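Enquirer: Requesting a structural model of the entry that follows:
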Amino acid sequence: MDYSKFGNKFNQDAGILSLMKDMGEATANGADDLIMMGGGNPGHIPAFQEKMQRRLQDIAADDELCRKLLGMYCAPQGEGDFLTSLAALLRREYGWRIGAENICLTNGSQSGFFLLLNMFAGEFDGGRKKKIRLPLAPEYIGYADIGLSSDFFVATRPKIDRLEEHLFKYRVDFSEITIGEETGAVCVSRPTNPTGNVVTDQEIDGLDQLARDAGVPLIIDSAYGVPFPGIVFSQATPRWNENIILCLSLSKLGLPAVRTGIIIASEEVIQVISGMNAVISLAPTGFGAFLTQQLVDTSEILELSNTVIRPFYQEKALAAVRKFDQELAGTPYKIHKPEGAIFLWLWFENLPISSKELYQRLKKRGVLIISGHYFFPGLENDDWSHKNECIRVNYSQDDALVRRGIEIIGEEVKKAYMAG
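Expert: Next up, the predicted model:
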C-alpha cells in the first residue's frame, strides 16, 4: 500500500500506541496474571460507580432521555444543556465570565488535543512554521506524536529540586524560556502526566503572562486536575481567562469509556473546534454529558472530586511511596513528589541499563510500566541522560497487585545496579 504522509504518520512506532496496545492485548487475551501499572486507567471507586449505575438506570427508564441519548446527534459543540449547566457552575463557583459559547465537547481529550495543537502549530500561510512550546519536560506521552508536521514541539528542561528523603520536584525554569515568533501556543499539563507534578499558581501566572506578551494562548491540560476530577494533593487554583484554553475530561472521574473531553476557551476558538467536530465526526458523543448532567447542575461533581476521588488516590499514592521506599532501599532511587494524577515517576540515577530495557525486563515478569524516554517531546535531540533513567508507574489499581508489582520492580532495579 502507498500511504499519504498523513497515513504514514500513524503507521510507525509511537509511545501512546505502545501503551494502548499493551493494555488492549492484555485485556483481549484475558491476561489475569499481568500487573497493569502502565496505562492511564483510573481506579474503580465503588461510591462513584454506584452513582453512575443508578443514573444509567434512570436514563434507561425515561423514554425521552433514552431517545435523546441513543437516537439523536448532539450539536457539533456538544450537548447544549450540559454546556449551559457547566458554564453556570463555573460562573457560580469561580466568578468566571463564561457562557455555553465558551465550551465545546470532544470525543475524548486525546482527540481534542489533536485538534487544538494542530490548530496552533504546523504550517502557516506564507511558508511560516510554528511550534507548541512545552515549558517543561517530561510531559504527556500522548502529545509526542500528535503533530501533523515534523519538529512540532520545543521544550525546556526543568529545574530539579532535590527534596527530603528520596523525593524531588520539577519546576519551570523561566530563565530558559523564550517565546518567539516560532511559538504558536504554550501547553502544560496540571497535574503533569507522567510525573504527578503540580505546576504552582505562581508558575501558571508567569506562563500566562509570557503567553499574553507573545500573543499566543496558554493551553492547560487539566485532565487530572482542577476543578474536576481534582486529583491534586497540593495547592492549585483553577485558572481561566480569554487567553487560556482549559481542557478537562470525564475520564479520571471514573468514566474513561464515555470518551468526553471538554475545552473551555474564547468564543472564537470554540467556533473553530466545533467546525472541526462537524467535519471529522459530525458531533461529539453525548453519553458523558447525560451521565453527569445532574452532578454539574448541583455542583456535586466538585464535592465528589474533593471528598471521594482525591482522597482515594492520595491514600493509594502514599501507600505506593511507602512500598517503593521499602523495596528500593539500598539503591539511588528518587520519586517525584506525588502532588497529583494517578502515577508515580521514578528516577534511577546512573541506571546501568536504559529505562526501555527495564520496561522489557519487567514485561517478561508480568509487570507493565511505561519507559520514561517517551515523555520528552521537544527534547528528542537532547542527550540528557535523565530521559533514559525514569519510569512511570500507575498506582491506581488493586492494592495487592500494586504491592506485588512494586516488589518485582524493586527486584529488577536491584539486579540492574548489581550487574553494573
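
Enquirer: Just want to check the distance between Ala211 and Cys187.
Expert: For Ala211, the distance to Cys187 equals 10 Å [Cβ to Cβ, to the nearest Å]. Where C-beta positions appear, they are placed from N, C-alpha and C, glycine not excepted.

Enquirer: So for the two, which residues contact both of them?
Expert: Leu218 (Cβ atoms under 8 Å, 6 or more residues apart in numbering).

Enquirer: For those two, indicate the residue with more neighbours.
Expert: When Ala211 and Cys187 are compared for neighbours, Cys187 comes out ahead with 29 against 22, by other Cβ atoms under 10 Å.

Enquirer: tell me the contacts of that one?
Expert: Leu117, Ile132, Arg133, Leu134, Glu139, Tyr143, Leu218, Ile219, Ile220, Asp221.

Enquirer: Got the domain ranges for the protein?
Expert: Residue ranges for the domains of the chain, per automatic domain parsing: 5-48+304-419, 73-299.

Enquirer: Same list (the ones you listed) but as a markdown table, adding distance to Ala61.
Expert: Output for these, formatted as a markdown table (distance: least, Cβ to Cβ, whole Å):
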| stretch | distance to Ala61 |
| --- | --- |
| domain 5-48+304-419 | 21 |
| domain 73-299 | 13 |
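
Enquirer: Out of those, which is closest to Leu56?
Expert: domain 73-299 (7.2 Å; Cβ to Cβ).

Enquirer: Work out the gap between the closest one and the centre of the chain.
Expert: Centroid separation for domain 73-299 versus its chain: 9 Å, with Cα atoms, centre = their mean, to the nearest Å.

Enquirer: What ranges in the stretch 151-300 of the chain fall below the confidence cut-off?
Expert: For the stretch 151-300 of the chain, no stretch has pLDDT under 70.

Enquirer: All the helices of it, in order from the start?
Expert: Listed in chain order, the helices of the stretch 151-300 of the chain (DSSP state H, counting those that start in this stretch) span 201-214, 251-254, 267-281, 287-297, 300-304.

Enquirer: that older thread, could you single out the nearest of the contacts of Cys187 to Gly378?
Expert: Leu134 (5.1 Å).

Enquirer: The contacts of Cys187 in strands, which ones?
Expert: Ile132, Arg133, Leu134, Leu218, Ile219, Ile220, Asp221 (DSSP state E).

Enquirer: Tell me who's in contact with the closest residue to the third one other than its chain neighbours.
Expert: What that stands for is Leu134. Computed as Cβ to Cβ, 6 or more residues apart in numbering, the closest residue to Leu134 that is not its neighbour in sequence is Ala155, at 4.0 Å. Counting by Cβ under 8 Å, 6+ apart, Ala155 touches Arg133, Leu134, Pro135, Leu136, Ala137, Glu139, Phe376, Pro377, Gly378, Leu379.

Enquirer: Okay, Ala155 and Gln209: tell me how far apart.
Expert: 20 Å.

Enquirer: same question, Leu248
Expert: From Leu248 to Gln209 the distance is 23 Å (Cβ to Cβ).

Enquirer: just Lys363 next, same as before
Expert: Lys363 sits 44 Å away from Gln209 when distances are taken as Cβ to Cβ.

Enquirer: Just give me the neighbour total for Asp205.
Expert: Residues near Asp205, counting by other Cβ under 10 Å: 12.

Enquirer: Tell me if I'm right that Thr84 and Ala100 touch.
Expert: Yes - Thr84 is in contact with Ala100 according to Cβ atoms under 8 Å; the separation is 4.7 Å.

Enquirer: Of those two, give the one with the bigger neighbour count.
Expert: Ala100 (18 against 15).

Enquirer: can you give me the strands in the stretch 1-150 of the chain?
Expert: Shown for the stretch 1-150 of the chain, the strands assigned by DSSP state E, counting those that start in this stretch span residues 35-36, 103-106, 122-123, 129-134.

Enquirer: Mind giving me the packing neighbours of the second one?
Expert: Going back to what we said before, that points to strand 103-106. If you count contacts as 3 or more Cβ pairs under 8 Å, 6 or more residues apart in numbering; DSSP states H and E, strand 103-106 packs onto helix 80-94, strand 261-264, helix 267-281.

Enquirer: for the shortest one, which positions count as buried?
Expert: Read it as strand 261-264. Gly261, Ile262, Ile263, Ile264 (16 or more other Cβ atoms under 10 Å).

Enquirer: Disregarding flanking residues, what is the spatial nearest neighbour of Tyr73?
Expert: Ala283 (4.6 Å).

Enquirer: Packing partners of the strand or helix carrying Lys323?
Expert: Lys323 is part of helix 310-327 when elements are defined by DSSP states H and E. Contacts defined by 3+ Cβ pairs under 8 Å, 6+ apart place helix 310-327 against strand 333-336, strand 343-348, helix 399-419.

Enquirer: quick revisit: and of the buried residues of strand 261-264, the nearest to Gly230?
Expert: Using Cβ to Cβ, these come closest to Gly230 at Ile262, 14.3 Å.

Enquirer: Let me see the contact set for that closest one.
Expert: Per Cβ under 8 Å, 6+ apart, neighbours of Ile262: Leu86, Ile103, Cys104, Leu105, Thr106, Gly112, Cys247, Leu248, Ser249, Leu250.
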